[in-house]
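**Q** Starting from these lines, generate the structure:
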Amino acid sequence: MPQDHFSTIDSVTSPSRDWFDIAPSDSADLGFVPKAIYVGTGGDLVVSSARTNTEVTFRNIPSGAILDIRPAAVRQTGTTATDLVGLI
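**A** Residues are numbered from 1 along each chain as shown. Model prediction:
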């Protein structure tokens with residue numbers, strides 16, 4: 001495994017060092033609040049705020065976009081974007 005001289009430095013603005021697949025759900029929150037979300041296949045994305053639980057729809061996200069948002073949940077109803085990856 002390569003040495004990582006920055007392994008002890010991590011903040012919300014640092015590059016992601018791990019990731020997880022996101023399965024949208026109308027009832028479950030994400031396991032982690034991500035630093036950002038990668039959208040593999042574009043569409044709409046319905047998310048719930050980690051701070052206020054307010055839901056909003058991001059419309060017409062292009063494929064390959066990285067959204068610098070930190071949601072608590074990605075909702076299934078209304079979400080048409082797929083291949084979502086949480087960056088942490």
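
**Q** Give me the spatial nearest neighbour of the most centrally placed residue in the chain, chain neighbours excluded.
**A** Centroid check for the chain by CA atoms, centre = their mean gives Ile37 as the closest residue, at 2.9 Å. Of all residues not flanking Ile37 in the chain, Leu67 sits nearest, at 4.9 Å (CB to CB, 6 or more residues apart in numbering). The C-beta positions use only the backbone N, C-alpha and C, and glycine is treated the same way.

**Q** Output the residue ranges of the helices in this protein, listed in chain order.
**A** Counting by DSSP state H, no segments of the chain form helices.

**Q** Let me see the ranges of the strands in it.
**A** 19-21, 36-41, 43-49, 55-61, 65-67, 71-75, 82-87 (DSSP state E).

**Q** Can you add distance to Ile9 and mean pLDDT and give those strands back as TSV?
**A** What follows is the strands of the chain, written out as TSV (distance: least, CB to CB, whole Å; pLDDT from 0 to 100):
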stretch	distance to Ile9	mean pLDDT
strand 19-21	18	97
strand 36-41	18	98
strand 43-49	27	97
strand 55-61	30	98
strand 65-67	21	97
strand 71-75	24	98
strand 82-87	16	98
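
**Q** Of the ones you listed, flag the one that's most buried.
**A** strand 71-75 (a mean of 21; mean count of other CB atoms under 10 Å).

**Q** got the contact list for that strand?
**A** The contact list for strand 71-75 (CB atoms under 8 Å, 6 or more residues apart in numbering) reads 22, 24-26, 28-30, 33-34, 37, 45-50, 53, 55, 84.

**Q** Could you do stretch 5-24 as well?
**A** 30-32, 34-38, 46, 70, 74-76, 79, 84-88.

**Q** if you set the cut-off to 10 Å instead, what comes out?
**A** Contacts to stretch 5-24, defined as CB atoms under 10 Å, 6 or more residues apart in numbering, come from residues 4, 30-39, 45-47, 66, 68, 70-71, 73-88.

**Q** got a list of what Ser27 touches?
**A** When contacts are counted by CB under 10 Å, 6+ apart, Ser27 touches Ala73, Arg75, Gln76.
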